[in-house]
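Colleague: let me see the structure of the following:
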Amino acid sequence: PEFLMASVKAPSRAQTRGVVKMTWEGRVPPTTVLGIGKDIPGPVFLMASVICLFLGGYCVYQQNLNQLLTAATISPVYVVGSLLLPIS
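Modeller: Numbers count the residues shown, from 1 in each chain. Presented below is the predicted three-dimensional model:
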């Protein structure tokens, strides 16, 4: 049917102009993939990752491994701090 073919057409150039390629080859992503962190140097990312790893690990140790986990012993600070581990 002709009416179906009219609704299926290729996107115009104006519609595809804002599309950014979000894949890369190699180990280091280009700055367009990093988005908000494109102006931050790599060593800063490394320090932030290491700090998040240690703080998150400490919070998990204090909350889960150091004491028995019950409703009375849950500390919101340690729970929020443990969320730093996936960031690292």
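Colleague: now the element after the lowest-mean-pLDDT helix or strand in the chain, going C-ward?
Modeller: Sorting the helices and strands of the chain by mean pLDDT, DSSP states H and E puts helix 13-16 at the bottom, at a mean of 53. Next in sequence after helix 13-16, counting helices and strands by DSSP states H and E, comes helix 31-34.
Colleague: list the buried residues in stretch 49-59.
Modeller: Buried residues in stretch 49-59, defined by neighbour count with 16 or more other Cβ atoms under 10 Å: Cys52, Leu55, Gly56, Gly57, Cys59. Every C-beta, even on glycine, is put in place using the N, C-alpha and C of the backbone.
Colleague: can you put those in JSON lines and add distance to Ile36?
Modeller: What follows is those, written out as JSON lines (distance: Cβ to Cβ, whole Å):
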{"residue": "Cys52", "distance to Ile36": "17"}
{"residue": "Leu55", "distance to Ile36": "21"}
{"residue": "Gly56", "distance to Ile36": "21"}
{"residue": "Gly57", "distance to Ile36": "26"}
{"residue": "Cys59", "distance to Ile36": "25"}
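Colleague: can I get the residues you listed in TSV including distance to Glu25, pLDDT and secondary structure?
Modeller: Formatted as TSV, the buried residues of stretch 49-59 follow (distance: Cβ to Cβ, whole Å; pLDDT from 0 to 100; DSSP: H, G, I helix; E, B strand; the rest coil):
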residue	distance to Glu25	pLDDT	secondary structure
Cys52	28	95	helix
Leu55	34	95	helix
Gly56	31	94	helix
Gly57	33	94	helix
Cys59	37	92	helix
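Colleague: quick one: which of those is nearest to Asn66?
Modeller: Cys59 (10.4 Å; Cβ to Cβ).
Colleague: tell me the spacing between the closest one and Leu34.
Modeller: To Leu34, Cys59 is 27 Å away according to Cβ to Cβ, to the nearest Å.
Colleague: next: Ile87.
Modeller: For Ile87, the distance to Leu34 equals 15 Å [Cβ to Cβ].
Colleague: swap in Leu84?
Modeller: Separation of Leu84 from Leu34 (Cβ to Cβ): 20 Å.
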